[in-house]
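K.L.:
Following is a predicted model, sequence given first.
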Amino acid sequence: MPKDIDESNDEVQIKEPRPSAGGLPAIGHAMQYIIGEPGVVRGSRSLLKMNQEKGFDCPSCAWPDPAPGQRSFAEFCENGAKAVAWETTKGRVGRGFFAAHSVAELREQDHHSLEEHGRLTEPMYLAPGATHYAPISWDDAMHLVADRLKSMVNPNRAAFYTSGRASNEAAFVYQLLARRLGTNNLPDCSNMCHESSGAALNETIGVGKGTVSLDDITDHAELIVIVGQNPGTNHPRMLSALEKAKVRGARIVTANPLPEAGLVRFKNPQSVRGLVRGGTKLTDRYLAVRVNGDLAMFAGVSKALLEREDVAPNTIFDHSFIETYCDGFDEVCRAWRDLDWSVIETQSGLTREEIEDFASDVVAAKSVVVTWAMGLTQHRNAVATIREIVNFLLLRGNIGRSGAGPSPIRGHSNVQGDRTMGIWEQMPDAFIDKLRDEFGFDPPRAHGLDTVATIRAMRDGQIDVFFALGGNFVAATPDTSLSEAAMKNCALTVHVATKLNRSHLCHGSEALLLPCLSRSERDDQAGGEQFVTVEDSMSMVHESRGSLDPGSPHLRSEVAIVTGLGRALFGEDIGWGAMGSDYGLIRQHISRVVDGFEEYEERIKTPGGFMLPRGPHDSRTFDTATGKARFTVNRPDAVEVPDGHLVLQTVRSHDQFNTTVYGYDDRHRGVKGSRKVVFVNAEDLAERGLKDGDMVDLVSVWSDGERQAKGYRAVAYATPKGCAAAYFPEANVLVPLDSTAVTSNTPTSKSIIIRIEPAV
Ligand SMILES: Nc1nc2c(c(=O)[nH]1)N[C@H]1C(S)=C(S)[C@@H](COP(=O)(O)OP(=O)(O)OC[C@H]3O[C@@H](n4cnc5c(=O)[nH]c(N)nc54)[C@H](O)[C@@H]3O)O[C@H]1N2
Ligand SMILES: Nc1nc2c(c(=O)[nH]1)N[C@H]1C(S)=C(S)[C@@H](COP(=O)(O)OP(=O)(O)OC[C@H]3O[C@@H](n4cnc5c(=O)[nH]c(N)nc54)[C@H](O)[C@@H]3O)O[C@H]1N2
Ligand SMILES: [Mo]
């Protein structure tokens, strides 16, 4: 296990990973952020409004809120507090800042430093050949973008990227703008995130979302299986829900190559039990699955169930459910019978006995929920892995009843809503038809570019205008140097953003920075004060209303920016100006275009919001190709790791939100003062003549050559042999652009084949 202090570098400290998440340290750290960042009043006032009725939705993750009346007075977590502190900072980045710092100079700064300067305050323009961004008026900025878009020879020479913080209203007008222009080039962060979940669930159960509600987890599930997810850091409020489930007697099985602190034990910072006593033990069974071993693991547990059913027919499977609602059952059973236990054991890294014990947990539980996140979606066979989870659930009828179902846990706070609103390069024809009928123009039908395809098109000189509604494209995407070069290949790059980041500095021939309001800020328009709406991970739609004074008088809302551009491009053809001053008009359009949003404006007034319909959950209806829930055959084909190599996964530290790096520590994993660490099994280090604390270089290998990340500190860590982990986004330099998941095209940022070598 890791040593206490790294002698080679005074600033980096590695300690034992923590056995639990939450507790007093979490409160202390939340307070430190609030006090240290925005000043006590602005920060704490905003925190108390977060995730409350008439308050604003936390800009961090998409975990759902408890029903009104059941919410705590402080319904937020340490990492939500960091997110709010980060956006309510007093730091300002205006014309003086840009006059003092050239783009070249800023490009030398890291992710943390760039955002730490503070909030962007006014529109800025970088002219062709200029070294510094300079101020520009909103009007001129809008006309410049409109002019460049109009002068393209083909609308498909533009790409409109979205990060998952945009509200439903902003997302709806944004996809409308792209389609009015004539393109479906709507790449989004989802392409790198839960695309694999959407693809697998759409195919097998006919809806690209989870089918579980919060109370299924807190009140009903007898077994909760958490796979490829680190809620202690990324969805901390999920731990309170799990604690509630544990207290009423639910069982939790966790499969993860890293024994994550939050999954082991949770000290709820909002309860006496959490603060004074030892907290709640969450995981009952921990399965140290190998990276990308989950398909084999789930096939194994289903095989084990099948073998038990063979021994004692009609005792294990829910045959009436299978016969009424499913197809493909015989084929999948045949595939499991043909599968060797040796293949399952080798690929999963688990013994047959461990998998049999897991199967016993399943048999003992009347209802099972499976939750997952990026540990499953960012592999070549991610879609097949998630289909295999559906198989596993279908066997015992664990879909469409209380306490059961698949539950992909979303990342960005409104990433699921953005998809619902039409941010997808391949929206189905039924949606396009409704858009046509509502607005009276013919939207394009040909599918557009996703994120990886956009990078290729930019690289190949096929994109003139790249427009980003939030996010940090070049840092979040794979193959950093290639992505940066691709972005520089565009004629115009436009970023709507709250804070300065790397993507703003890898610009096209000319570039615009358009500063927008953040979630916590009041949104006043000609039609009065506005609110927006969002959809959480469990399909609840509710309002979000900021109340703080805007960080600068020149900030505009995302809706106002997009509708302003619509007006500059198309005049008042479909009422852009009116939509921008009264978001209720946008919701009226949504109510007629998007299924499930009938009487939107009325229903959004319900305290806590309303739940979107989900066929599998509500009535066991499955809108698939056959009208049934589909068993599918998915042969275990874990990533092959050549001799002498390791499979590297990239994770988030406890001190970041995606490419936003709040600090250099990762308290739960015992790291202080550095992000350039690589977690490796001690035996793997020893086999290479290395030891904990050594400096190493990481070299990824792919058919087109090698990529390097230099100067990492090796940390001996409890991960299965052959596996390693490093932090995203820094490690993105190692992910080949062409290494993507089958069907979803998601970059395989959790299975990168690497060598580690002593640093040179
Ligand atoms: N504070 C904070 N909150 C966030 C974010 C953030 O950066 N910071 N990001 C948001 C976003 S956009 C997202 S998508 C989510 C991400 O939420 P997570 O998916 O929890 O994020 P990661 O850090 O990528 O963690 C992946 C987890 O999967 C495990 N894992 C990796 N490979 C495998 C595998 O092959 N099999 C299994 N079983 N496990 C594996 C890793 O060990 C790790 O525990 O969080 C959201 N919330
Ligand atoms: N190697 C590797 N790569 C990954 C991942 C991984 O696990 N490993 N995860 C992937 C995942 S799951 C995701 S979701 C993507 C994330 O990709 P993105 O969504 O593109 O990245 P973020 O880091 O969330 O974007 C941060 C920026 O958003 C802007 N911002 C913040 N708040 C707002 C707002 O309210 N409005 C606007 N307009 N802008 C705002 C700020 O300028 C900030 O710098 O990264 C992906 N990349
Ligand atoms: Mo994500």
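P.N.:
Thanks, I have the structure now. Values in this document were obtained by computation on a predicted structure and should not be read as measured data. Ligands and ions are numbered 1, 2, ... in the order given.

K.L.:
So what's the residue count around the closest residue to ligand 3 within the stretch 51-200 of the chain?
P.N.:
Closest contact between the stretch 51-200 of the chain and ligand 3, by Cβ to the ion, is at residue 193 (3.3 Å). In short, each C-beta sits where N, CA and C put it, glycine included. Using other Cβ atoms under 10 Å, the number of residues around residue 193 comes to 25.

K.L.:
For the closest residue in space to it that isn't next to it in sequence, which residues are in contact?
P.N.:
Once flanking residues are discounted, residue 193 sits nearest to residue 411: 5.2 Å by Cβ to Cβ, 6 or more residues apart in numbering. Neighbouring residues of residue 411 by Cβ atoms under 8 Å, 6 or more residues apart in numbering: 61-62, 164, 189, 193-194, 234, 373-374, 658.

K.L.:
Now do the same for the residue of the stretch 51-200 of the chain closest to ligand 3: its pLDDT.
P.N.:
Looking at residue 193, its pLDDT stands at 97.

K.L.:
Run a quick check on it versus residue 418, I expect a contact.
P.N.:
No. Counting by Cβ atoms under 8 Å, residue 193 stays clear of residue 418, with 10.9 Å between them.

K.L.:
any residues in contact with both of those two?
P.N.:
Residues touching both residue 193 and residue 418 (Cβ under 8 Å, 6+ apart): residue 164.

K.L.:
Can you report phi and psi for residue 345?
P.N.:
When read as degrees, to the nearest 10, the backbone of residue 345 gives phi -70, psi -40.

K.L.:
contacting residues around it?
P.N.:
Contacts of residue 345 (Cβ under 8 Å, 6+ apart): 300, 351-352.

K.L.:
between those, which is nearest ligand 1?
P.N.:
Ranked by distance to ligand 1 (Cβ to the nearest ligand atom), those are led by residue 300 at 13.4 Å.

K.L.:
Tell me how the protein divides into domains.
P.N.:
92-189+414-609, 195-412, 646-758 (automatic domain parsing).

K.L.:
All the helices of the stretch 351-500 of the chain, residue numbers only.
P.N.:
352-364, 374-377, 382-395, 415-420, 429-439, 451-459, 473-476, 480-488 (DSSP state H, counting those that start in this stretch).

K.L.:
Which of those sits closest to ligand 2?
P.N.:
helix 473-476 (3.1 Å).

K.L.:
for the closest one, packing partners?
P.N.:
Judged by 3 or more Cβ pairs under 8 Å, 6 or more residues apart in numbering; DSSP states H and E, helix 473-476 is in contact with helix 480-488.

K.L.:
Need phi/psi at the residue of the stretch 51-200 of the chain closest to ligand 3.
P.N.:
Residue 193 adopts backbone torsions of phi -120, psi -100, taken as degrees, to the nearest 10.

K.L.:
If you rank every helix and strand of this structure by mean pLDDT, what lands last?
P.N.:
Least confident helix or strand, the chain: helix 272-275 with a mean of 55, by mean pLDDT, DSSP states H and E.

K.L.:
What mean pLDDT does the helix or strand just after it get?
P.N.:
Using DSSP states H and E, the helix or strand that follows helix 272-275 in sequence is strand 280-281. Mean pLDDT, strand 280-281: 84.

K.L.:
check whether the next helix or strand after strand 280-281 contacts ligand 1.
P.N.:
Once the chain leaves strand 280-281, the next helix or strand it forms, by DSSP H and E, is strand 285-287. No. Strand 285-287 is not in contact with ligand 1 by Cβ under 6 Å from any ligand atom; minimum separation 8.1 Å.

K.L.:
Secondary structure element holding the nearest residue to residue 697 once chain neighbours are set aside?
P.N.:
Spatial nearest neighbour of residue 697, excluding adjacent residues (Cβ to Cβ, 6+ apart): residue 710 at 4.7 Å. Mapping residue 710 onto the secondary structure by DSSP H and E places it in strand 705-716.

K.L.:
The following helix or strand past that strand - contacts with which helices or strands?
P.N.:
Using DSSP H and E, the next helix or strand after strand 705-716 towards the C-terminus is strand 723-727. Applying 3+ Cβ pairs under 8 Å, 6+ apart, we find strand 723-727 packed against strand 646-651, strand 677-680.

K.L.:
now whichever residue of the stretch 501-650 of the chain sits closest to ligand 1, which residues is it bridged with?
P.N.:
Ligand 1 sits closest to residue 649 of the stretch 501-650 of the chain, with a gap of 4.0 Å, by Cβ to the nearest ligand atom. Judged by DSSP bridges, the bridge partners of residue 649 are residue 725.

K.L.:
measure residue 47 to ligand 1 for me?
P.N.:
According to Cβ to the nearest ligand atom, to the nearest Å, residue 47 stands 15 Å off from ligand 1.

K.L.:
what's residue 110 in contact with, if anything?
P.N.:
Counting by Cβ under 8 Å, 6+ apart, residue 110 makes contact with residue 661.

K.L.:
Quick check: pLDDT value at it.
P.N.:
97.

K.L.:
Same check on residue 37?
P.N.:
You'll see residue 37 listed with a pLDDT of 54.

K.L.:
Ok, residue 740 next?
P.N.:
So residue 740 comes in at 98 (pLDDT).

K.L.:
do the one 5 residues further on as well
P.N.:
At residue 745, the predicted lDDT confidence score is 98.

K.L.:
three-state assignment of it?
P.N.:
Using DSSP: H, G, I helix; E, B strand; the rest coil, the three-state assignment for residue 745 comes out as coil.

K.L.:
Quick check: it touching residue 453?
P.N.:
Yes. Assessed by Cβ under 8 Å, residue 745 is found in contact with residue 453 at 7.4 Å.

K.L.:
burial of residue 71, as a residue count?
P.N.:
Residue 71 has 15 neighbours, counted by other Cβ under 10 Å.

K.L.:
quick check, it in a helix?
P.N.:
No. Under the criterion used here (three-state DSSP), residue 71 is coil, not part of a helix.

K.L.:
Backbone dihedrals for the closest residue to ligand 3 within the chain, please?
P.N.:
When scored by Cβ to the ion, the chain has residue 411 as its residue closest to ligand 3, at 2.7 Å. Dihedral angles of residue 411 (phi, psi; degrees, to the nearest 10) stand at phi -100, psi -90.

K.L.:
Next one: it relative to residue 111, how far apart?
P.N.:
Residue 411 is 17 Å from residue 111, where distance means Cβ to Cβ, to the nearest Å.

K.L.:
From residue 71, how far off is the residue of the chain closest to ligand 3?
P.N.:
22 Å.

K.L.:
Could you do residue 726 as well?
P.N.:
Distance of residue 726 to residue 71, given as Cβ to Cβ: 37 Å.

K.L.:
Check residue 672 too.
P.N.:
According to Cβ to Cβ, residue 672 and residue 71 sit 34 Å apart.
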